[in-house]
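In: have a look; sequence and predicted model below, questions after that.
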Amino acid sequence: MTSPFDPPAVTWSRVSPRLVTARLVPAAITLGIPVLVGVALAFAASPWFWILAGIPAAIFALVAFVVPRQVRAIGYAERDDDLLIRKGLMFRSLTVVPYGRMQYVDVEAGPLDRKLGLAKVQLHTASVGTDAQIPGLPPDEAARLRDRLASRGEARLAGL
Amino acid sequence: MSAEPEVRAVAADDLEWRRVHPVTPLVRGWTVLAAALVILGQQSADDSARGGGLIALLRSGLWWTVLVALALVALIGFGYAALAWRMTAYAVGEETVHMRKGVLFRQHRHARLDRLQAVDIRRPLVARFFGLCELTLEVAGGGDSGVAIGFLRDADAAELRAELLARSAGVRTPGHGTQPGTAGPGTSLPGATAPPGTAAPDAVGAPGADAPLRADGALGEGTAGDVVHPGARPASGSATRPALLEAPENLVLTVPAVRLIASLLRSSATIGLVVFLVGLVVVVSVTGRPGIALSMLPAVLGAGGYLFNRFTNEFDFRVAISADGIRLRHGLLETRAQTIPPGRVQAVGLTQGLLWRGRDWWRVQVNVAGYGEKAQTNDVLLPVGTREEALVVLSLVLPDLGVEDARALLEEGLSGDSSVGGRFTGSPRQARVLDPIAWRRNGFSVTGRALLLRRGRLNRSLDVVPHERTQSLAVVQGPWQRRLGLATFAVHSTQGPVGPVAPHLDAGDAARLLDEQARRARTARASAGPERWMELPRD
């Protein structure tokens, strides 16, 4: 049985491993605050607060385990007429976006992304259901992809 | 009242700027006063419960202050609307529609006519008293991208719609700057030499202007048999009505009010409401506290409101076909006449609720780019109809499925399942773990022109997506599906009620479908008809 997520004759490009850091830092901040508060209260008030510290710590451990695998699972491939994007471990998905259907391409980078040298490329078709974003690209690769997608979209312009 | 649109010539661009109807401020300003009255009513209801507030004020000597306040609100509302009217103008160019509006923040919008997706004429209740309506031109920009021109006199709006449709169809009007020889097939339009701005007032009384009304009057005459397919514009249409470019329309079917009411009574919303009310009665009689019923009033009102809206919106539903596409007219309080040109339908969904099965009723909805979030009012192609009617309506928007014996295939999609075999590729047997009731219904079938996806046992549904309208495709697989070797296939269409998906296919089938469908969509797009449906197809 062929897996639907490995079409034949497709070479997948991976995203930058720095995306792991970019995803773990916000998680560490949001989960770290309740951990610190819990630890402080556990010493100051009652040992029950270890639970408050423990739950977010356990969640962070899970996140730290999953995120690197998730990042490795993200892949994209430029074919002649369409772009393939796959992602997910538990819930996998493979999206095919024909170049001719692209309405516009976004390149975004938040402050942390910029610090780490990352950018996100998002493709928009006329459908809101199209979830076609490639996070964690180096900026020059993102720019290259953007230009390439734009030019290919132009070449295959077919209205709506 | 003078209906003549004020024509202001603008030197730049040679555009004929036209004003909307002068009664517009009255119609628009009314909403401000109505909102003020509603707020007043709510306040007085709230306050009078506490024995003070507005009721007390009305009884006191200062009752006139309320009237003054209302008058002030009305003055502001109507004043602003009048100002807005002065600032609003529209113009129809050769390939674009221009709209200028806004008092503080000026807006000038161009909409390209070859990107036109649909033209709706909406008549709100208040506007109907004045014989006015609002014309909305939908382009595929998402969000608030359309151009709403309102309010216009009914005849002017029909005229404008005809003009917009003709221009966006690629029918050139001689005398508007372009070479006269390029008229579309079978449309020579001999008399349409006057520029549209000046022609409008004179043509209002001409016999052509009441053509839509005549078509309305022919209720029941047209049957499913005399369907004229898009593209087959009768040559006589333009010869008999020289001043007007409107394509003649043929009434295809109407939805009787009795059937609409019966269908709403059998809808899942009604079932839910009845179950809820019965449960409420039981709870109240057991606990003996009627206060519970009162607290549940908003939920009941919500469901009732939904049903009421559906009734008023889908009342007197009429489906007609013209060379400019399918035309829908419906509405009780606010009426709406929609025109969806050929090739603008992105996906069609046929659905049947549980209690509709006895009558074999179906509901047909469409995705049209530009209709977007305004769901519930204009994405219905047929609110309720027999299987026969639903298939006729489907054939109006997608005349050719590119398959032998399309009827049998559609029957399979509507009510068949994989136990009898057929041309649909269904879910494999292991899918029954994840989808015990409907797994035999899940399936897809590929024709030369479209992808058919069926699903649902209790609420049956069949989605049809033309290959050239596929936006993007996806295969998704959860952990259980992976264990069973299954995957779900989805087609991404434009925003709308139809979300085509084939759940729990065999993973290999899904992979093959994804690959082949991407290729089919590409080749279909290359050979798709032109955006301007009256021009000859590209070679």
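Out: Perfect, I can see it now.
In: flag every residue of chain B that's near chain A.
Out: Contact residues, chain B versus chain A (Cβ under 8 Å from any Cβ of the partner chain): B:115, B:117, B:140, B:142, B:346, B:369, B:468-479, B:482, B:485, B:487, B:490, B:492-495, B:499, B:507-508, B:510-511, B:514-515, B:518, B:521-522, B:525-526, B:528, B:531. Just so you know, the C-beta spots here come from the backbone N, C-alpha and C atoms, and that holds for glycine as well.
In: which of those fall within helices?
Out: Of the positions in the residues of chain B next to chain A, B:479, B:482, B:507-508, B:510-511, B:514-515, B:518, B:521-522, B:525-526 sit in helices, assigned by DSSP state H.
In: any regions of the chain where pLDDT drops low?
Out: I went with chain A, as the question did not name one. Across chain A, the ranges flagged by pLDDT under 70 are A:1-2, A:155-160.
In: try chain B instead
Out: Of all residues in chain B, those with pLDDT under 70 make up the ranges B:1-13, B:45-55, B:141-143, B:172-246, B:372-376, B:528-530, B:535-539.
In: helix/strand/coil for the residue nearest the centre of it?
Out: When Cα atoms, centre = their mean is applied to chain B, the residue found nearest the centroid is residue B:378 (2.4 Å). Classification of residue B:378 by DSSP: H, G, I helix; E, B strand; the rest coil places it in coil.
In: pull the contacting residues for it.
Out: Residue B:378 sits next to B:118, B:120, B:336, B:338, B:368, B:371 when contact means Cβ atoms under 8 Å, 6 or more residues apart in numbering or on different chains.
In: now it: how far from chain A?
Out: Taking Cβ to the nearest Cβ, to the nearest Å as the measure, residue B:378 falls 18 Å from chain A.
In: how much space between that residue and residue A:8?
Out: Separation of residue B:378 from residue A:8 (Cβ to Cβ, to the nearest Å): 44 Å.
In: how about the helices in chain A?
Out: Going by DSSP H, chain A shows helices at A:18-44, A:49-73, A:111-116, A:139-155.
In: okay if I get those as TSV plus mean neighbour count and distance to residue B:276?
Out: Putting the helices of chain A into TSV (neighbours: other Cβ atoms under 10 Å in any protein chain shown; distance: least, Cβ to Cβ, whole Å) gives the following:
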stretch	mean neighbour count	distance to residue B:276
helix A:18-44	15	40
helix A:49-73	15	38
helix A:111-116	14	48
helix A:139-155	15	49
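In: now residue B:261: which helix or strand?
Out: According to DSSP states H and E, residue B:261 maps onto helix B:257-265.
In: and that helix, what's buried?
Out: Neighbour counts over helix B:257-265 (16 or more other Cβ atoms under 10 Å in any protein chain shown) mark B:259-260, B:262-264 as buried.
In: for chain A, which residues are neighbours of chain B?
Out: A:1-5, A:7, A:81-82, A:88, A:90-98, A:100-101, A:125-132, A:158-160.
In: where exactly do the strands run in the stretch 51-200 of chain B?
Out: Along the stretch 51-200 of chain B, counting by DSSP state E, counting those that start in this stretch, strands occupy B:89-92, B:96-101, B:107-112, B:116-123, B:132-139, B:147-153.
In: partners of the last one, with directions?
Out: For strand B:147-153, the paired strands and their directions (DSSP bridges) read strand B:132-139 (antiparallel).
In: outline the domain layout of chain A.
Out: A:18-70, A:75-155 (automatic domain parsing).
In: gap between the longest one and the chain center?
Out: Just to be clear, that refers to domain A:75-155. How far domain A:75-155 lies from its chain's middle: 10 Å, per Cα atoms, centre = their mean, to the nearest Å.
In: and the residue nearest the centre of chain A?
Out: Central residue of chain A (Cα atoms, centre = their mean): residue A:135, at 4.2 Å.
In: which ones are touching that residue?
Out: Residue A:135 is in contact with A:15, A:19, A:22, A:74, A:118, A:120, counting by Cβ under 8 Å, 6+ apart.
In: for residue B:320, what are its contacts?
Out: Going by Cβ under 8 Å, 6+ apart, residue B:320 touches B:215, B:222, B:249-252, B:326-329.
In: partner residues bridging it?
Out: residue B:251, residue B:327.
In: in CSV: the domains of chain A, plus distance to residue B:448.
Out: CSV is the format used below for the domains of chain A (distance: least, Cβ to Cβ, whole Å):
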stretch, distance to residue B:448
domain A:18-70, 40
domain A:75-155, 19
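In: what sits closest to residue B:119 if chain neighbours are left out?
Out: Nearest non-adjacent residue to residue B:119, counting by Cβ to Cβ, 6 or more residues apart in numbering or on different chains: residue B:339, 4.7 Å away.
In: next up, identify which helix or strand that neighbour is on.
Out: Going by DSSP H and E, residue B:339 is in strand B:335-340.
In: ok and that strand relative to strand B:132-139, angle-wise?
Out: 30 degrees (axes from the mean of the first three to the mean of the last three Cα atoms, to 10 degrees).
In: only C-alpha atoms, please: export strand B:335-340 in CSV.
Out: Provided in CSV are the C-alpha atoms of strand B:335-340 (Å, rounded to 0.1, in the frame of the first residue of the first chain):
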residue,chain,number,x,y,z
THR,B,335,-36.7,40.4,-2.4
ARG,B,336,-33.6,39.5,-4.3
ALA,B,337,-32.9,38.8,-8.0
GLN,B,338,-29.6,37.1,-8.5
THR,B,339,-27.8,36.5,-11.8
ILE,B,340,-24.9,34.0,-11.8
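In: could you spell out the sheet neighbours of that strand, each with its direction?
Out: Strand B:335-340 has these strand partners (DSSP bridges): strand B:116-123 (antiparallel), strand B:325-330 (antiparallel).
In: what angle do the last one and helix B:257-265 make?
Out: Just to be clear, that refers to strand B:325-330. Using the same axes, to 10 degrees: strand B:325-330 against helix B:257-265 is 80 degrees.
In: just to revisit the earlier point, make TSV from the strands paired with strand B:335-340 and add distance to residue B:273 and mean neighbour count to it.
Out: Below are the strands paired with strand B:335-340 laid out as TSV (distance: least, Cβ to Cβ, whole Å; neighbours: other Cβ atoms under 10 Å in any protein chain shown):
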stretch	distance to residue B:273	mean neighbour count
strand B:116-123	29	24
strand B:325-330	23	23
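In: nearest to residue B:432, of those?
Out: strand B:325-330 (39.3 Å; Cβ to Cβ).
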